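Participant: my questions concern the predicted model and sequence given below.
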Amino acid sequence: MLKIKIYGTESPSYQLVKTKLKTFLDNANISYELQEVIRIPEIMEDNIASVPAVKVNDDLLFEIKPNGKFNVSLRETIQGILQLQNYGIMTKIIVPTDFSEASLNAYNFAHRLAKKLSGVIKLTHIYYPTATDVNQFVVVNDEVEKIHKEKLEEYVRSFNQDWIGNFVEEPMVEGVFKVGFPVMELKEMSKEKDTILVMGTTGEGGAFKKIFGSISLDMIEKAHCPLFLIPPDAGTSGINKITFLSEDVDQDAVHLGMALKLCDSGQSQFGIVHFKQNDSDHVDEASIRSIADKHMNGVQYQVEIISNKDVFDGIREVITRDVNELVVLSTKHRNLFQNLFHKSVTEFAALHSISPLLILTDKVS
């Protein structure tokens, strides 16, 4: 439990600090004990130089700066306190960045997602050090590492500053800098509770095979959390339709519910697509609805059956029709994407899609 003291003289700014801090802590389900210190002698006894101010666990002091820096310092204070408990139950949206256009596009998508889910964005740069052999010794360039770290800090500062005027509604951005192997680090981060991974892709061709693109493909198999893959220019004006690809809706019930939660289906059309590959497949719209209705919680949805013997052609038909349509691919139980998620199928989708993709695997609980 956090022990929090708020120092002030019951001014409007003091009341705002108290109200907003309590709101964020309650929403994050973080346990805390709040003590208000409003008497001048007690404030002076704790060596508080200016008010309003917040002290946590009688150790960490946050001063709320006046005038034009009030919102900035209040936002930093609230975020600093939330960080002590890793933001509680708030959704942590990890956005890996290599400072490219692809990763910036992923950040823009994650920003909209964070607003819908009241989540925090963890902008993550994983620096893989380069080394040079000098007389049989390996020399790591610390200066390059420093440059990468400073660039991440600059990005985070810029993103937080952009939204400071409306800091209550806009998601917080935290910079995470790690040194190591990107896939291994992201895999471990994806195991954390209440986590989502949002990564940019660069489409088909040689550019995709560069480091960032190959990591996106690797995370299809490695991620332990929901994974959004965002192609260039995808979802630039928001998501207007969510399409769930499934061979067996009953088997996919868990992921169907998760897609509804993550995608804010109340603001978009929702559809279920079934691929019919041969004449022995007798699934029709009525049979799909008889099962899906049990899991849709009253959400209205459309059913689409695509007859195509070639799975890749069927998938291409869906993933190339609208940049603002989110396509959900599920690997739960035995369905179209079983056996390591038919890696070739998901790689095909990642390489050819103009739509954002949400990938839910058996590792996602």
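Facilitator: Yep, it's here.
Participant: what average pLDDT does stretch 37-45 get?
Facilitator: Taken as a whole, stretch 37-45 has a mean pLDDT of 92.
Participant: low-confidence regions, the chain specifically.
Facilitator: 68, 130-140, 162-168, 203-213, 235-237, 264-267, 331-343, 363-365 (pLDDT under 70).
Participant: domain ranges for it?
Facilitator: 2-84, 92-230, 241-360 (automatic domain parsing).
Participant: ends of the second one, how far apart?
Facilitator: Start to finish, the residues bounding domain 92-230 are 18 Å apart (C-alpha to C-alpha, to the nearest Å).
Participant: swap in the shortest one?
Facilitator: Distance between the two ends of domain 2-84: 9 Å, counting by C-alpha to C-alpha.
Participant: tell me the residue furthest from the middle of this protein?
Facilitator: Pro41 (45.5 Å; C-alpha atoms, centre = their mean).
Participant: C-terminal to the strand or helix carrying that residue, what's the next element?
Facilitator: Using DSSP states H and E, Pro41 sits in helix 40-45. Sequence-wise, the next helix or strand downstream of helix 40-45 (DSSP H and E) is strand 53-56.
Participant: next one: phi and psi at the spatially most central residue of the chain?
Facilitator: Centroid check for the chain by C-alpha atoms, centre = their mean gives Ile93 as the closest residue, at 2.4 Å. Main-chain dihedrals, Ile93, degrees, to the nearest 10: phi -100, psi 110.
Participant: these two touch, right, it and Arg112?
Facilitator: No. Assessed by C-beta atoms under 8 Å, Ile93 is found out of contact with Arg112, at 10.5 Å. No exception for glycine: its C-beta is placed from N, CA and C like everyone else's.
Participant: give me the three-state assignment for Lys22.
Facilitator: Classification of Lys22 by DSSP: H, G, I helix; E, B strand; the rest coil places it in helix.
Participant: how many neighbours does it have?
Facilitator: For Lys22, the tally of surrounding residues (other C-beta atoms under 10 Å) stands at 14.
Participant: ok, now Glu143?
Facilitator: Neighbourhood size, Glu143 [other C-beta under 10 Å]: 7.
Participant: give the other helices and strands that the helix or strand in which Ser73 is found contacts.
Facilitator: According to DSSP H and E, Ser73 maps onto helix 70-84. Using 3 or more C-beta pairs under 8 Å, 6 or more residues apart in numbering; DSSP states H and E, the elements in contact with helix 70-84 are strand 2-7, helix 12-27, strand 53-56, strand 60-63.
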